[in-house]
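> coords please:
(one chain, ligands or ions: 1)
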Amino acid sequence: MKNSGELILASTSSARKALMDGLGLPYRTEAPGVDEHVAASLSAEEAVRSLAARKARAVHERHPGAWVLGADQLVEVGRDVLGKPQDRDAARGQLQRLLGHTHAIHTGVCLVGPGGRLTEAVETTRLTFFPVPPEELERYLDTGEWEGCAGSYRVEGQGQALLAKLEGDRTNVQGLPMLSVVRLFRQAGFTFFTRP
Ligand SMILES: Nc1nc2c(ncn2[C@H]2C[C@H](O)[C@@H](COP(=O)(O)OP(=O)(O)OP(=O)(O)O)O2)c(=O)[nH]1
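The predicted structure follows:
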């Protein structure tokens, strides 16, 4: 049985694409093209929920007969909320906040279906990093894994050498909480393991 309507991942993220590829559902990607500013009064969880819905809705407006999945992620450490670093210096600053401490990664996901039906979830994973000396931090920055990553590390890459403890869904750190994503797809009536 074929799933009704095409599936679009409203994302430019290679990490999210890699996770969706693993699921095996036929889909395509499209850049959301939205302004990602939110009110500073929003909590990190409210911000990622709001932005995931903004991204999914923006693409769904262009393709109202499709299913569209949007996502957004932020890192929360103490009272700071971190997004993607703009440059190496910003990445150094982010990692200096994270090393030797526990932080939370929050990812919002939103699935919009034909007719605008919307379901969503916010998933939080807690990570504790080892304290490492400045010269080791510079060597990690030299890997370039910080580029395009909220929090300036890749949990599935060499960044895992920084990780002392992880509590929650590991894929959530990479960009999509796949346990929640599968639940949203099943609740929407998607069938899996079908031949293309
Ligand atoms: N491969 C990998 N990527 C990560 C990791 N942690 C965070 N990221 C990436 C996933 C997302 O691409 C990015 C989070 O930033 P955003 O939620 O703003 O998404 P982004 O602007 O990259 O793409 P999108 O808005 O979906 O087009 O950080 C990780 O541990 N591994």
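> quick one: the helices in this structure?
14-23, 44-62, 88-98, 134-142, 170-174, 178-187 (DSSP state H).
> Tell me which of those sits most buried.
Counting by mean count of other Cβ atoms under 10 Å, helix 170-174 has the highest mean neighbour count of the helices of the chain, with a mean of 23. Bear in mind the C-beta positions are built from the backbone N, C-alpha and C, glycine included.
> and it with the ligand, contact?
Yes. Using Cβ under 6 Å from any ligand atom, helix 170-174 reaches the ligand at 173-174.
> and residue 172, what does it touch?
105, 107, 123-125, 178, 180 (Cβ atoms under 8 Å, 6 or more residues apart in numbering).
> hang on, I meant residue 19
171, 174-176, 178, 181.
> For those, work out which two are farthest apart.
174 and 181 (11.8 Å; Cβ to Cβ).
> on that earlier part again, using JSON lines, please lay out the contacts of residue 19 together with distance to residue 68 and pLDDT.
Below are those laid out as JSON lines (distance: Cβ to Cβ, whole Å; pLDDT from 0 to 100):
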{"residue": "171", "distance to residue 68": "20", "pLDDT": "97"}
{"residue": "174", "distance to residue 68": "20", "pLDDT": "97"}
{"residue": "175", "distance to residue 68": "16", "pLDDT": "97"}
{"residue": "176", "distance to residue 68": "14", "pLDDT": "98"}
{"residue": "178", "distance to residue 68": "17", "pLDDT": "98"}
{"residue": "181", "distance to residue 68": "13", "pLDDT": "98"}
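> which parts of the protein sit against the ligand?
Residues of the chain lying near the ligand (Cβ under 6 Å from any ligand atom): 11-13, 15-16, 32, 71-73, 84, 148-151, 153-156, 173-175.
> In ChimeraX, how would I select the buried members of those?
Command for ChimeraX, covering only those of the residues of the chain next to the ligand found buried under the criterion 16 or more other Cβ atoms under 10 Å:
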select :11,13,15,16,32,71,72,73,84,149,150,151,153,154,155,173,174,175
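> Name every strand pairing with the lowest-mean-pLDDT helix or strand in the chain and say which way it goes.
Ranking every helix and strand in the chain by mean pLDDT, DSSP states H and E puts strand 80-82 at the bottom, with a mean of 94. Paired strands of strand 80-82, with direction, are strand 67-77 (antiparallel) (DSSP bridges).
> how about low-confidence regions in the protein?
In the predicted model, the chain carries pLDDT under 70 at residues 1-2, 196.
> middle-most residue in it, spatially?
residue 175 (2.6 Å; Cα atoms, centre = their mean).
> Let's test this: what are the backbone torsions at that residue?
In terms of degrees, to the nearest 10, the main-chain angles of residue 175 are phi 140, psi -20.
> does it really touch residue 106, like I thought?
No. Using Cβ atoms under 8 Å, residue 175 is not in contact with residue 106; the gap is 11.8 Å.
> shared neighbours, these two?
Joint contacts of residue 175 and residue 106 (Cβ under 8 Å, 6+ apart) are residue 73.
> how near is the closest residue to residue 183 other than its chain neighbours to residue 53?
The shortest distance from residue 183 to any non-neighbouring residue, by Cβ to Cβ, 6 or more residues apart in numbering, is to residue 121 (7.3 Å). Here residue 121 is placed at a distance of 11 Å from residue 53 (Cβ to Cβ, to the nearest Å).
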